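K.L.:
Provided below for reference: sequence and predicted model.
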Amino acid sequence: MKYFVIAGEASGDLHAANLINALREHDSDARFYAYGGELMEAAGAKMLRYYRDIAYMGVVSVVMHAGTILRAMARCKKEIMKVRPDVVILVDYPGFNLAIAKYVKTKTSIPVYYYIAPKVWAWKENRIKLLRAYVDEIFSILPFEGVFFKQRGVDIHYVGNPTVDEVEDFMRVHYADSRNDFTMSNGLDPKKKIIAILAGSRKQEINYNLRRMILAAQPFTEKEFQLVVAGAPNIDDNIYKRNIPSGMMENGDVRIVSGKTYGLLQFASCALVTSGTATLETALLRVPQVVCYYIPMGGIVSFLRKILLKVRFISLVNLIAGDEIVKELVADGMTTDNVREALVKIAPGGSCRSRVLRGYEDVIRILGGSGASARAAQEMTLCLQRRKENE
C-alpha cells in the first residue's frame with residue numbers, strides 16, 4: 001500500500017519514523033511519501049518537503065510567513081492527488097494538518113488517520129468538530145485523552161506513548177555507556193556536573209528562551225557545573241551561538257552538543273526545558289527539570305492563558321500526573337530569578353529533587369509499557385483491512 005505521512009516538527013519526525021518502521025512489519029511492500037524530516041527519510045520515506053522549511057510558531061510568525069505556508073499546503077494537496085495513497089496519516093502539527101484533512105476528506109475517498117491528536121483539551125476545543133468531520137480514525141498517545149474525547153462523541157484508539165519506546169530503545173543500547181567517554185567525546189569537562197538546556201526545536205523558541213535559560217543557570221558555573229545546550233538536528237549551531245552570552249563558550253562554561261539529546265540527559269544532573277515532548281523525555285530519563293517558556297508580552301499572554309487554556313499545566317509531565325510534579329515558569333513567570341530559584345531546588349542536594357523523582361515514577365506507571373508504535377501500526381492496519389472488506 002501507499003502511505004502519505006505528514007509531520008511538522010522534530011518530535012513528530014521521530015514518532016513518524018518509528019511508525020513507518022512499524023507499519024513496514026505489517027506491509028512489506030509499503031511505499032511511504034512524506035512531508036517531514038531526516039528521520040522519516042532514513043526510515044525509507046520519499047521526502048517531498050522538509051518540515052524545517054515551514055515550521056513557524058506564534059501568530060506573528062505565522063502571519064509573516066503565511067505565503068510560504070499556504071504555498072506548501074497547496075503543493076501538499078497536489079502531491080496527495082498525484083500519489084493517490086491508500087491512507088493519509090497526519091502526525092500532530094494541527095494548524096497545517098487539519099487543513100489537509102479537510103481537503104482530503106472533501107475531495108477524495110482516501111481515509112485520513114490522525115496519529116498524536118491536536119491538544120484540543122488544552123485550547124481550541126472547536127477543533128473537535130473538524131476532527132469529527134474530516135478524520136476517520138484517531139490514534140492517541142496520552143492516557144487522559146480517551147475520556148475527554150469520548151465525552152464529546154469521538155472514539156479514539158489509545159496506543160500508548162511512543163516516547164516510552166524511544167527512551168527504552170536508547171537505554172537498551174546505551175545503558176552501559178560511560179559518562180567519561182560521553183564528556184570527552186563531546187568536548188565537555190568530565191570533572192564537572194552537567195545542567196542540560198533544552199531550548200526547543202524551532203528558531204523562534206530558541207531566540208526567546210535560550211539566553212534567559214543560560215543567564216538563570218550562570219551562577220552554577222562558578223561551582224562544579226557546566227551548561228550544555230542540546231542542539232536539535234534541524235537547527236544550525238549558529239542559531240544557538242548567537243543566543244549564548246559573550247565569553248561563556250570561550251571559557252568553557254557553555255557547550256553545544258547536537259543530535260545527542262538522550263545521551264546528554266543520561267548524564268545530566270538536572271535540566272531546563274521548554275514545554276513539549278522534551279519534558280516527557282527528560283522525565284523518562286529521570287532528570288529533575290524546570291519547565292521554562294518565555295513569550296513576548298508575557299503579562300498579556302498570562303492573562304489570556306487564564307481565559308483561553310482549559311488546563312492547569314502546559315508540560316506533559318504535569319498533565320499526565322494531574323499534579324505539579326515539575327515547576328512551570330511561563331510567559332511573564334519565566335524570569336532569570338524565578339528560573340534560578342527553581343533550579344536550586346532540583347539540583348543535587350536541592351529541597352525538591354526527591355519529590356520530582358518520585359513524581360516521575362508515577363508518570364511512568366500511568367503511561368504504561370512500551371510498544372506504542374507497534375500498537376499504532378497494528379491498529380491502523382486492522383482499520384485499513386476492515387475498510388477494504390466493507391468496500
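P.N.:
Received it, and whenever you're ready, just let me know what you need.

K.L.:
Excluding chain neighbours, what is closest to the residue nearest the centre of the chain?
P.N.:
The chain has residue 277 as the residue nearest its centroid, 3.4 Å off, counting by CA atoms, centre = their mean. In space, and not counting its chain neighbours, residue 277 is closest to residue 11: 3.9 Å by CB to CB, 6 or more residues apart in numbering. The C-beta positions use only the backbone N, C-alpha and C, and glycine is treated the same way.

K.L.:
burial measure for residue 341, as a count.
P.N.:
Neighbourhood size, residue 341 [other CB atoms under 10 Å]: 14.

K.L.:
nope, residue 19 is what I was after
P.N.:
Residue 19 is flanked by 29 other residues according to other CB under 10 Å.

K.L.:
again, but for residue 151
P.N.:
8.

K.L.:
all strands of this structure, in order?
P.N.:
2-7, 31-36, 46-50, 87-91, 112-115, 137-140, 157-158, 193-198, 225-231, 254-258, 270-273, 289-293, 327-330 (DSSP state E).

K.L.:
For the residue nearest to residue 277, give its distance to residue 50.
P.N.:
15 Å (CB to CB, to the nearest Å).

K.L.:
Same question for residue 234.
P.N.:
Using CB to CB, residue 234 is found at 8 Å from residue 50.

K.L.:
Give me the common contacts of the two.
P.N.:
37, 38 (CB atoms under 8 Å, 6 or more residues apart in numbering).

K.L.:
can I get the strands of the chain in CSV with distance to residue 25?
P.N.:
Converted to CSV, the strands of the chain look like this (distance: least, CB to CB, whole Å):
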stretch, distance to residue 25
strand 2-7, 13
strand 31-36, 13
strand 46-50, 19
strand 87-91, 15
strand 112-115, 16
strand 137-140, 16
strand 157-158, 18
strand 193-198, 31
strand 225-231, 31
strand 254-258, 31
strand 270-273, 33
strand 289-293, 34
strand 327-330, 38
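
K.L.:
Mean neighbour count, mean pLDDT and distance to residue 351 added to the ones you listed, as TSV?
P.N.:
Below are the strands of the chain laid out as TSV (neighbours: other CB atoms under 10 Å; pLDDT from 0 to 100; distance: least, CB to CB, whole Å):
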stretch	mean neighbour count	mean pLDDT	distance to residue 351
strand 2-7	25	97	40
strand 31-36	25	96	43
strand 46-50	15	93	44
strand 87-91	26	98	39
strand 112-115	25	98	40
strand 137-140	22	96	36
strand 157-158	19	94	36
strand 193-198	24	98	17
strand 225-231	24	97	18
strand 254-258	20	97	26
strand 270-273	29	98	13
strand 289-293	28	96	14
strand 327-330	21	94	12
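
K.L.:
Could you give the bridge partners of residue 115?
P.N.:
Beta-bridge pairing of residue 115 under DSSP bridges involves residue 91, residue 139.

K.L.:
ok, it touching residue 139?
P.N.:
Yes - counting by CB atoms under 8 Å, residue 115 touches residue 139, with 4.6 Å between them.

K.L.:
so who does residue 353 touch?
P.N.:
Applying CB under 8 Å, 6+ apart, the residues contacting residue 353 are 270, 288, 345, 346, 347.

K.L.:
The residues you listed: which two are farthest apart?
P.N.:
Greatest spacing in the contacts of residue 353, by CB to CB: 270 and 345 (9.6 Å).

K.L.:
of all the strands of the chain, which lies closest to residue 173?
P.N.:
strand 254-258 (17.7 Å).

K.L.:
Tell me the strands beside that closest one, with direction?
P.N.:
By DSSP bridges, strand 254-258 pairs with strand 225-231 (parallel).
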